[in-house]
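Undergrad: prediction below, plus the sequence it came from.
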Amino acid sequence: MRISYKGDYALKAILELSLRYGYGEAVSINEIAASGDMPEKFLEQILLALKNGGFVKSKRGVKGGFYLAKAPGSITVGDVIRFIEGPTGPISCVEEGYKGCKDLKSCIFRGVWKEVGQAISLVIDTLTFEKLAFRYKERPVDERPVHEYSI
């Protein structure tokens with residue numbers, strides 16, 4: 001599985017909003033971008049996609065910005081990755097209904113790739129943004145970004 005910049009930025013944006021969840025304020029695009037060293041214009045497109053996917057909501061106006069549409073404990077890393085990137089299997093032949101290979105039933109590697117895909121899914125589908133936010137906050141101070149906001 002390979003994560004594009006789009007996927008990486010989507011994950012970082014959801015994490016930033018998770019860190020601020022429950023404070024009752026929307027977070028501006030420039031604050032989200034600064035938190036993860038992301039280009040604002042590209043991030044704007046990603047946040048609009050995440051809004052269409054039901055992950056975030058937006059608020060207009062002076063104190064406008066984005067906030068999570070649901071609790072961080074109900075959003076998994078797998079949810080976001082699959083929404084932005086598509087299937088997480090290491091090769092397309094492990095996807096349900098795949099018919100692009102004549103050796104599908106006899107290929108010894110297909111079983112290996114299925115196991116790899118299951119291992120990936122086990123990690124990303126059980127890791128919520130609530131857990132990630134907790135991990136983030138528990139890191140030693142010297143491992144935190146210098147531009148981090150005090151939350």
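TA: Now that the structure is in, tell me what you want to look at. Numbering: from 1, shown residues only.
Undergrad: ranges for the strands of this protein?
TA: 56-59, 65-68 (DSSP state E).
Undergrad: okay if I get those as a markdown table plus mean pLDDT and distance to residue 126?
TA: In short, each C-beta sits where N, CA and C put it, glycine included. Formatted as a markdown table, these follow (pLDDT from 0 to 100; distance: least, C-beta to C-beta, whole Å):
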| stretch | mean pLDDT | distance to residue 126 |
| --- | --- | --- |
| strand 56-59 | 96 | 22 |
| strand 65-68 | 97 | 19 |
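Undergrad: between those, which one is closest to residue 92.
TA: Closest to residue 92 of the strands of the chain is strand 56-59 (C-beta to C-beta; 29.6 Å).
Undergrad: same for the closest one, what does it pack against?
TA: In terms of contacts (3 or more C-beta pairs under 8 Å, 6 or more residues apart in numbering; DSSP states H and E), strand 56-59 is packed against helix 5-19, helix 40-52, strand 65-68.
Undergrad: buried residues of that strand, list them for me.
TA: Neighbour-count burial for strand 56-59, counted by 16 or more other C-beta atoms under 10 Å, picks out residue 56.
Undergrad: so what's the residue positioned nearest the centre of the chain up against?
TA: The centre of the chain sits closest to residue 11, judged by C-alpha atoms, centre = their mean, with a distance of 2.9 Å. By C-beta atoms under 8 Å, 6 or more residues apart in numbering, the contact set of residue 11 is 3, 77, 80-81.
Undergrad: let's see 10 Å
TA: 3, 36, 46, 77, 80-81, 84, 129, 132 (C-beta atoms under 10 Å, 6 or more residues apart in numbering).
Undergrad: closest one to residue 115 out of these, please.
TA: residue 81 (18.8 Å).
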